[in-house]
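Peer 1: got a predicted structure plus its sequence, pasted below:
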Amino acid sequence: MNAEIVRPATKQAIDDVQARRVAHPGELFLSFDEWNTELAAIIDRYNAASQDGEVLQGLSPDEAFETCWPHDNPPARFDATCWHLVAHYVKQVPVTTNGICFRVGSRKFVFRNERTGQDRGKQVLAWFDPECPESLCVTDLNRRHPYLVERSTKVDFLAAPGDPVFERELSNIAAHSAYPKARFHVLKARFEPTFRRNVVDIETAETAGAIRSQRESKAAEQKQAGAQLAKARAAYGELGAPLPRQLRPETLDAAQKLQQLRREYESEKLTPSKRTYVLKPFGSGRREYVDYLVKRLSEFRAGGKSFGQKFSGPISPHITKKIAASQIGCDLYDESRFDYVCRHLKAKIDATILGKRNAAKGTPNYHEFEATAGTATVGTL
């Protein structure tokens, strides 16, 4: 298709989508992932096809790349032994009272810790790697005495005293969140290129080794601390307890044991083969029967929490009664509307998760008012 044909067709497709003449835009357009896959297929077909130009002379780009690669004298590729020599960003920067600060594009980065405080007022070399923006390697102007500095972490403006991040960054203000990595598509060669080993001097190798070991050590510490914090938040959140300011290993172990005990208790209490509901007699009057239905509704709603159902507030018969009265718009004990009130409460009970499970098994969720013989009916849910 030429441009004159494609443009009106594309415009018509856009108009159809905007006017909702199609059920879904995917009927006329490719999604990002679909277009990414299609583009990769087009590139693969092109690179595999023979080219009749003056340069390739009948070879495909893939064949030419493999044929022309210098296998006997391959090039060298920088690795961890000397990566800092070609870091993406190496600059002489001052260590100010705010730490080491610089910008990369529109992003501002701030790095500071106890070690940078020792170099306050000095000029240092900052070795920045965009693939690892959370840490910065620093050396003196002679490229000696390397050390690693963490990036200042952004603190939530709602953070309260006691929050680990807030405590750690109390004297620091982070400008931005983690440096985003751009999404890109890399076309890989059909064969594995060979490279020569880098030959570097002892001083360069020692500097690279010190930087690498400190980075790996810091990354392991951060990973372990993050995992412990995630476990603590999950455990204390499930127990409904606030996260302590100082999280000690023994405190976390105790919280996890309580969490496990609570899960075992809830599982035993709500497992259909173990949980038995007893439909208790409700008395001889209508008021007692309404109270009975309100209590049943509260019990069934509380049981729904274990199945992932969420409620905006606590559950109790008193609160359930107030909500039901607001929904119905009358006094629940108004005998002139007794049948209407009972229908409403029964419908709410039947709509709960436990109510639906009982209905599927043929187990009653509540007594009927007519069956007020005073004997308890037992039903396994």
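Peer 2: Everything's here; your move. This is a predicted model, so every value here is computed, not measured. Numbering: from 1, shown residues only.
Peer 1: packing partners of the lengthiest helix in the chain?
Peer 2: Longest helix in the chain, counting residues (DSSP state H): helix 202-239. Counting contacts by 3 or more CB pairs under 8 Å, 6 or more residues apart in numbering; DSSP states H and E, helix 202-239 packs against strand 135-139, strand 147-150, helix 249-270. No exception for glycine: its C-beta is placed from N, CA and C like everyone else's.
Peer 1: show me the domain layout of the protein.
Peer 2: Domain assignment for the chain, taken from automatic domain parsing, gives 3-68, 83-225, 230-270, 276-380.
Peer 1: OK, contacts around Cys101?
Peer 2: Val93, Lys108, Phe109, Val110, Phe111 (CB atoms under 8 Å, 6 or more residues apart in numbering).
Peer 1: who wins on neighbours among these?
Peer 2: Within those, most neighbours by other CB atoms under 10 Å means Phe111, with 24 neighbours.
Peer 1: which strand residues bridge it?
Peer 2: Beta bridges link Phe111 to Ile100, Arg151 when assigned by DSSP bridges.
Peer 1: tell me the pLDDT at it?
Peer 2: For Phe111, the pLDDT comes out at 88.
Peer 1: and it, how far from Gly209?
Peer 2: In this structure, Phe111 and Gly209 are 21 Å apart, going by CB to CB, to the nearest Å.
Peer 1: same check, this time on Ala41
Peer 2: Separation of Ala41 from Gly209 (CB to CB): 43 Å.
Peer 1: compare those two (neighbour count), which wins?
Peer 2: More crowded of Ala41 and Gly209, by other CB under 10 Å: Gly209, with 13 against 10.
Peer 1: can I get the domains of the chain in CSV with distance to Pro75?
Peer 2: Shown next, in CSV, are these (distance: least, CB to CB, whole Å):
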stretch, distance to Pro75
domain 3-68, 13
domain 83-225, 7
domain 230-270, 43
domain 276-380, 57
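Peer 1: so Asn365, which state does it fall into?
Peer 2: Of the three states, Asn365 takes coil under DSSP: H, G, I helix; E, B strand; the rest coil.
Peer 1: what number of residues are in the vicinity of it?
Peer 2: Using other CB under 10 Å, Asn365 has 22 neighbouring residues.
Peer 1: tell me the pLDDT of it.
Peer 2: Asn365 carries a pLDDT score of 85 in this model.
Peer 1: now that it has come up, it's in contact with Gly355, right?
Peer 2: Yes: under the criterion of CB atoms under 8 Å, Asn365 makes contact with Gly355 at 5.0 Å.
Peer 1: common neighbours of the two, please.
Peer 2: Here Asn365 and Gly355 have Phe300, Ile349 as joint contacts, going by CB under 8 Å, 6+ apart.
Peer 1: alpha carbons of stretch 119-127, as CSV, please.
Peer 2: C-alpha atoms of stretch 119-127 as CSV (Å, rounded to 0.1, in the frame of the first residue of the first chain):
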residue,chain,number,x,y,z
ASP,A,119,35.4,14.0,51.9
ARG,A,120,33.3,17.1,52.4
GLY,A,121,34.8,20.0,50.6
LYS,A,122,37.0,17.8,48.4
GLN,A,123,36.8,17.0,44.7
VAL,A,124,36.1,13.3,43.8
LEU,A,125,35.4,11.2,40.7
ALA,A,126,31.9,9.9,40.4
TRP,A,127,31.5,6.6,38.4
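Peer 1: now for Arg262: which residues touch it?
Peer 2: For Arg262, the contact set (CB under 8 Å, 6+ apart) comprises Glu238, Leu239.
Peer 1: 10 Å instead?
Peer 2: By CB atoms under 10 Å, 6 or more residues apart in numbering, the residues touching Arg262 are Ala235, Glu238, Leu239, Gly240.
Peer 1: buried subset of these as a PyMOL selection?
Peer 2: Buried members of these, defined by 16 or more other CB atoms under 10 Å, are picked up in PyMOL with:
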select buried, resi 235
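Peer 1: and of the contacts of Arg262, the nearest to Leu258?
Peer 2: Leu239 (5.9 Å; CB to CB).
Peer 1: just to revisit the earlier point, what is the rounded mean pLDDT of the longest helix of the chain?
Peer 2: 84.
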